[in-house]
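Trainee: sequence first, predicted model second:
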Amino acid sequence: MTVIGLDDTDSRTRGMCTTYVANRVATRLRDDGANVERLLLVRLNPAVEFKTRGNAALAIHTDADPETAERVAREELDKAAEVDDPRTNPGLVVAPDAPETVPDAVANFARDALREILPVERATELADEAGYRHAGWKNSQGIVGALAAVGAWAAFDDWTYEHISYREPDRWGTDRHLDYDSLFDAADEQYPKAWDTVDRVEGEAVCVPHTPCPILYGIRGDDAEACRNLAGAVDSEPVHDSALFVTNQGTDAHLAPGELGSLAEDRAYRVAGTVATEPETRRGGHVFFELAEDADGDGKSPQSIRCAAFEPTKRFRDRVRALRENDRLTVCGEVSDGTLKLEKFAVRELDETELTTPICPDCERTMKSAGRNQGYRCRDCGTSAPGKVESPVARDLEIGWYEVPPCARRHVAKPLVRGGFDAPTHHER
């Protein structure tokens with residue numbers, strides 16, 4: 001077997017898509033008589049600043065010999081990569097290994113690429129040590145993703161699917177034409193086997209990109225046949241080509257367990273804590289609160305981090321606004337500029353009481369203050385109370401997981417509808 005890793009051929013402004021290049025390589029290999037076992041779409045660390053768009057790398061698993069694989073991949077990269085964009089720096093790695101038998105160091109590199117910022121030098125050195133063919137264009141940054149794509153099959157065990165339909169080349173960069181009623185109807189029919197196709201509440205077709213790339217739409221889910229069927233039910237402009245990718249999208253593979261006080265920048269975590277401040281809505285509609293660890297009685301100030309639900313997360317912000325001090329949470333998201341950008345959170349324990357002025361047990365009227373530090377007294381009955389009392393308070397949240405809506409979901413973030421969470425889920429669709 002041979003594994004071909006590709007990365008960084010697209011441009012935010014000029015178009016192209018590395019999935020398209022990978023599919024072109026696979027088509028060429030099949031035309032030459034080789035078997036292509038699968039196409040792998042691997043989302044890497046979403047916090048990488050210099051990513052072109054979704055930070056995806058691609059792998060092709062084939063029985064073509066390494067020499068043929070490298071030649072075909074180079075030719076397709078040379079033809080398609082948008083190297084005139086200063087942010088586009090393609091990379092290619094060709095490994096004469098079965099996908100599941102790559103060296104442990106390569107599999108570990110793939111895991112790290114989901115959670116860290118890795119230098120090109122580390123990738124090229126590791127590729128040389130493994131005896132892999134590799135090539136880079138311009139500053140060769142794409143070799144990092146290409147090597148990660150080579151190691152991904154051995155590194156991860158949770159995989160989903162994306163069926164991508166491509167536009168006719170002469171339509172690239174023009175408005176896409178779809179019948180959105182047929183798309184929404186098909187999305188309902190295949191849900192939840194296919195997910196994040198549309199956002200019902202926002203009325204948004206999540207699967208349709210807004211860039212000048214070759215993709216018409218990409219259908220994601222846990223069932224390959226459901227993804228194909230959904231794509232086939234959409235009335236649209238002509239589909240030029242299509243391909244099914246096995247992918248780590250929707251798996252939370254980017255999240256690492258973390259502890260408050262030791263969270264690093266540009267990494268994504270799952271971390272527990274207690275709400276330490278009332279959520280505050282600031283200019284632009286962004287919502288912030290502080291999450292702190294519990295005080296341990298040693299006199300030290302508890303560690304904390306600011307958490308944020310930004311305006312693009314839409315109705316998720318109402319979930320965040322419903323939090324109160326002393327609620328216990330598990331939060332998930334990327335740390336950037338000292339702020340954890342929320343992707344989802346779990347309510348572990350709700351503070352369901354509040355301090356209120358006591359009620360007179362005789363006349364059921366609210367007591368009045370008896371003076372500074374003197375408690376409360378009923379002016380009619382003369383009854384007294386030493387201070388405020390705890391009273392139950394209604395909450396708009398329940399125990400369990402809450403998530404951003406599909407229109408705001410990161411590619412690699414796991415939708416709650418996929419299941420496997422450790423508490424009840426309140427999923428969005």
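Mentor: Here it is on my side, so go on.

Trainee: and the protein, what are its domain boundaries?
Mentor: Following automatic domain parsing, the chain resolves into domains at 2-155, 160-247, 255-352+394-426, 353-392.

Trainee: pick the most deeply packed of those domains.
Mentor: domain 2-155 (a mean of 21; mean count of other CB atoms under 10 Å). In short, each C-beta sits where N, CA and C put it, glycine included.

Trainee: tell me how far the ends of that one are from each other?
Mentor: 17 Å (CA to CA, to the nearest Å).

Trainee: redo the domains of the chain as JSON lines? Include mean pLDDT.
Mentor: Below are the domains of the chain laid out as JSON lines (pLDDT from 0 to 100):
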{"stretch": "domain 2-155", "mean pLDDT": "93"}
{"stretch": "domain 160-247", "mean pLDDT": "97"}
{"stretch": "domain 255-352+394-426", "mean pLDDT": "94"}
{"stretch": "domain 353-392", "mean pLDDT": "85"}
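
Trainee: phi and psi next, for F289.
Mentor: For F289, the backbone dihedrals (degrees, to the nearest 10) come out as phi -160, psi 160.

Trainee: I'd say it and T274 touch.
Mentor: No: between F289 and T274 there is no contact, the gap being 10.7 Å when judged by CB atoms under 8 Å.

Trainee: from D170, how far off is the closest residue to G285 other than its chain neighbours?
Mentor: In space, and not counting its chain neighbours, G285 is closest to E311: 4.1 Å by CB to CB, 6 or more residues apart in numbering. E311 sits 37 Å away from D170, going by CB to CB, to the nearest Å.

Trainee: ok, now W153?
Mentor: Computed as CB to CB, the W153 to D170 distance reads 36 Å.

Trainee: what's the answer for G371, then?
Mentor: From G371 to D170 the distance is 83 Å (CB to CB).

Trainee: same question, G285
Mentor: G285 sits 40 Å away from D170, going by CB to CB.

Trainee: for the host helix or strand of A268, C-alpha coordinates in CSV please.
Mentor: Using DSSP states H and E, the element containing A268 is strand 267-275. C-alpha atoms of strand 267-275 as CSV (Å, rounded to 0.1, in the frame of the first residue of the first chain):
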residue,chain,number,x,y,z
ARG,A,267,-5.1,24.8,21.7
ALA,A,268,-8.6,23.4,22.4
TYR,A,269,-9.6,21.9,25.7
ARG,A,270,-12.3,20.2,27.8
VAL,A,271,-12.1,21.7,31.3
ALA,A,272,-14.2,21.8,34.4
GLY,A,273,-15.0,24.7,36.7
THR,A,274,-17.5,26.9,38.4
VAL,A,275,-19.2,30.0,37.0
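
Trainee: could you point out which element follows it?
Mentor: Beyond strand 267-275 toward the C-terminal end (DSSP H and E), the next one is strand 280-281.

Trainee: ok so, going back, please name every helix or strand in contact with the strand holding A268.
Mentor: strand 255-257, strand 287-292, strand 304-309, strand 328-336, strand 339-349 (3 or more CB pairs under 8 Å, 6 or more residues apart in numbering; DSSP states H and E).

Trainee: now tabulate those in TSV and tack on distance to Y191.
Mentor: Below are those laid out as TSV (distance: least, CB to CB, whole Å):
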stretch	distance to Y191
strand 255-257	24
strand 287-292	28
strand 304-309	25
strand 328-336	23
strand 339-349	19
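
Trainee: for L178, which of these is the nearest?
Mentor: L178 lies closest to strand 339-349 among the helices and strands packed on strand 267-275, at 27.9 Å (CB to CB).

Trainee: so what touches the helix or strand that the closest one is followed by?
Mentor: With elements assigned by DSSP H and E, the helix or strand that comes after strand 339-349 is strand 353-356. By CB atoms under 8 Å, 6 or more residues apart in numbering, the surrounding residues in contact with strand 353-356 are K388, V389, E390, S391, P392, V393.

Trainee: ranges for the helices of the protein?
Mentor: Under the criterion DSSP state H, helices of the chain are mapped to 18-31, 66-80, 104-115, 120-130, 142-155, 180-190, 224-232, 316-321.

Trainee: and the first one, what other elements does it pack with?
Mentor: Under the contact definition 3+ CB pairs under 8 Å, 6+ apart, helix 18-31 sits against strand 2-7, strand 36-43, strand 56-62, helix 66-80, strand 160-167, strand 239-247.

Trainee: any idea of the angle that helix forms with strand 36-43?
Mentor: 170 degrees (axes from the mean of the first three to the mean of the last three CA atoms, to 10 degrees).

Trainee: what's the angle between helix 18-31 and helix 66-80?
Mentor: Using the same axes, to 10 degrees, the inter-axis angle of helix 18-31 relative to helix 66-80 is 130 degrees.

Trainee: look up how far C381 lies from the spatially closest residue to L6 that is not a sequence neighbour.
Mentor: Spatial nearest neighbour of L6, chain neighbours left out: L58 (4.6 Å); criterion: CB to CB, 6+ apart. Look at L58 and C381: by CB to CB, they are 78 Å apart.
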